[in-house]
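Trainee: Fold the following.
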Amino acid sequence: MSGSAALLSENGISSNNGPSNEQSEAKAVQIVVTKPDHTFELDEEALSKLLLDPRISDRHVVVISIAGAFRKGKSFLLNFLLQYMNSHGDDSWLNEATVSLSSGFPWKGGSERHTTGILVWDEVYTVKLPSGRQVAILLMDTQGAFDSQMTVKDCATVFALSTMLSSVQVFNLSQNIQEDDLQHLQLFTEYGRLAMQESPDKPFQKLLFLVRDWSYPYEFEYGLTGGQRKLDKILKINESQHHELRRVRDNIRGCFSEVSCFLLPHPGLRVATDPRFNGVLGEIDEQFKEQIRELIPSLLRKDKLIVKEINGELIKCRELYEYFKRYMDLFSGDELPEPKSMLQATAEANNLAAVAVSKDVYSKGMEMVCGGDKPFISPERLESHHEQVKQFSLSKFDTIKKMGGESFSCEYRQRLFNEIDDSYIEFIKQNVAKNIFHTARTPATLFVVIIACYLQSGILSMLGLYGFSNLLNLFMGIGIVALSLWAYCRYSGEYREIAEVIDQIAEYLWQSIVSKMYYKLSQAAAVNSHSSGIQYSASSGGSILLPESYNVASPKTSGISTAKVSPLKSKKNM
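Mentor: Predicted coordinates for the structure are as follows:
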């Protein structure tokens, strides 16, 4: 990777892999697994490792996915996208005749399916847009539809997940656009029609009909121009059409922000018929590569990238993670969900994403003052900062555009409120752990008990009360053993349960004996220092307010309360 550092800086393309990683380490990772009972399972661990990586989790994401029938070259095509990204957008990205496309998404020739479930490339590329925004690019491959092992529901599920999660959906077709290809979009167009009743924003972004092995360039030329003319003809509405056909065409135009078509020639007989073909660029038909040089940059060039949007809001990687999980829950049943259920799931995922973003604002705000590398701060300051960041986080949630209406979002606002309070408790624990005096409470308490037993034992011995003196010596010995055992457990990390029991005993002694003794000593000191700054409160009947230095805060409270002492009677009144 070090050899390409200059290209990374010049073209603004990089990856989330560390500088020591080699390109060969990147691979396709299966995040949606197909199970034998025709259900699908999300690999949350693999997905979270990818999308929640701190280097990209807060970046907006571009999702390019390809879907369509099996054995039509989807994975092979995706490797051209990888080749373009790995060359950092250089104009000569297809000029190396010896370069092979065999190291990207797995593919092979033949008539049997190869890809199952949904795969993503585990190297998320980052690109700086002309606007200056850094975005992440996620490339997604899907299981081919309509093979002998897939049900209609399986095909629809894979296509649905691909379409709903991508910002650019490449619909991979063979030789032509058929009417049944348009019918596969029916589920999404119905969903889109419902979604647009809530929001004027179109629910989907770019749909690209990619027609492979186009054999009629004399009717419509290869590329985007000929493809657009072909698509306009296919989607044209006329009075002689059945109303279902008209509605599908109308909804496709209405539900996608951009609908286009690209006509791609055949890659050559060597590619299609030779089992020894391994993706070497020099063996691919030159006419095919010429069109690929037009197609791939139209998807990946910096000024052509389309950031994922839902409900008019740009989506970040951490938010996409929430949508993945919610959509997988939706499609995990035995039947295909209704469009209304899909809309409900999108609204839920939208609000959950808003909760995740807002909670992240809170966490980062708190980390600034009491993170792992920050020193102990007073409980009052911590609570004050918590309230400020909490309000800012809730305001962030309120300003995010959400689906489902205000009443629907109230439940998720309360959820955010509760999660913030739970996080605050954890921050309190972290902060208390940094307080050296709190950490030293157990040894300090045991030390005080040992010293007290030693002194009182000596006094009782002088008075001839040897039985009580020996009993105190026994307590002193127990204290010494407990202190030594506690120190060993904490230092070695072993027998933690014993250390916790000793902590509980020390806490009880602190609360019931040591702190009360300290409090009484403070009262006595306050009374004896009557001439040095004691204040009387007329409203409390002449009670004494101790200076702050004598206040003793309960360990269970975050604030420091002012202690009061009843006034002493003067000798004149006795």
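Trainee: hang on, Q287 in a strand?
Mentor: No. According to DSSP: H, G, I helix; E, B strand; the rest coil, Q287 belongs to no strand; its state is helix.
Trainee: all helices of the stretch 101-250 of the chain, in order?
Mentor: Counting by DSSP state H, counting those that start in this stretch, one finds helices in the stretch 101-250 of the chain at the ranges 152-165, 179-183, 186-198, 223-234, 243-255.
Trainee: out of those, deepest packed?
Mentor: Burial of those is given as mean neighbour count (mean count of other C-beta atoms under 10 Å); helix 152-165 ranks first at a mean of 21. No exception for glycine: its C-beta is placed from N, CA and C like everyone else's.
Trainee: pLDDT on that helix, on average?
Mentor: Helix 152-165 shows a mean pLDDT of 74.
Trainee: same thing with stretch 218-237?
Mentor: 89.
Trainee: Point out where the stretch 101-250 of the chain drops to low pLDDT.
Mentor: Applying pLDDT under 70 to the stretch 101-250 of the chain picks out residues 101-102, 104-117, 143-155, 187-200.
Trainee: how many other residues sit next to S395?
Mentor: 11 (other C-beta atoms under 10 Å).
Trainee: That one is in what secondary structure piece?
Mentor: helix 379-399 (DSSP states H and E).
Trainee: How about the contacts made by M366?
Mentor: Taking C-beta atoms under 8 Å, 6 or more residues apart in numbering, we find M366 in contact with 385-386, 389, 423-424, 427.
Trainee: Recalculate using a threshold of 10 Å.
Mentor: By C-beta atoms under 10 Å, 6 or more residues apart in numbering, the contact list for M366 reads 374, 382, 385-386, 389-390, 393, 420, 423-424, 426-427, 430-431.
Trainee: does it sit in a helix or strand, and which one?
Mentor: Here M366 sits within helix 339-370, counting by DSSP H and E.
Trainee: quick one on the thing from earlier: any chance of the helices of the stretch 101-250 of the chain in CSV, plus distance to I56?
Mentor: As requested, the helices of the stretch 101-250 of the chain are arranged in CSV below (distance: least, C-beta to C-beta, whole Å):
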stretch, distance to I56
helix 152-165, 16
helix 179-183, 34
helix 186-198, 28
helix 223-234, 30
helix 243-255, 29
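Trainee: And those: which comes nearest C370?
Mentor: Distance to C370, taken as C-beta to C-beta, is lowest for helix 152-165 among the helices of the stretch 101-250 of the chain, at 36.4 Å.
Trainee: tell me the angle of that closest one relative to helix 243-255?
Mentor: Orientation check (axes from the mean of the first three to the mean of the last three C-alpha atoms, to 10 degrees): helix 152-165 against helix 243-255 gives 30 degrees.
Trainee: tilt between helix 152-165 and helix 339-370?
Mentor: Relative orientation of helix 152-165 versus helix 339-370 (the same axes, to 10 degrees): 50 degrees.
Trainee: can I assume D303 sits in a helix?
Mentor: No. Applying three-state DSSP, one finds D303 to be coil, outside a helix.
Trainee: Skipping adjacent residues, who's closest to it in space?
Mentor: P130 (5.7 Å; C-beta to C-beta, 6 or more residues apart in numbering).
Trainee: what separates that neighbour from K304, distance-wise?
Mentor: With distances taken as C-beta to C-beta, to the nearest Å, P130 is found 11 Å from K304.
Trainee: of the two, who's got more company?
Mentor: Neighbours were counted for P130 and for K304 using other C-beta under 10 Å; K304 has more, 12 against 9.
Trainee: Next one: that one from S260, what distance?
Mentor: Counting by C-beta to C-beta - K304 and S260 are separated by 11 Å.
Trainee: between the two, what contacts are shared?
Mentor: Taking C-beta under 10 Å, 6+ apart as the contact rule, K304 and S260 both touch 206, 298.
Trainee: Can you say which helix or strand has the residue most central in space within the chain in it?
Mentor: The centroid of the chain falls nearest to R318 when counting by C-alpha atoms, centre = their mean (3.4 Å). Following DSSP H and E, one finds R318 within helix 317-330.
Trainee: List the buried residues in that helix.
Mentor: By neighbour count on 16 or more other C-beta atoms under 10 Å, the buried set for helix 317-330 is 317-328, 330.
Trainee: What of stretch 418-426?
Mentor: Neighbour counts over stretch 418-426 (16+ other C-beta under 10 Å) mark 419-420, 423-424 as buried.
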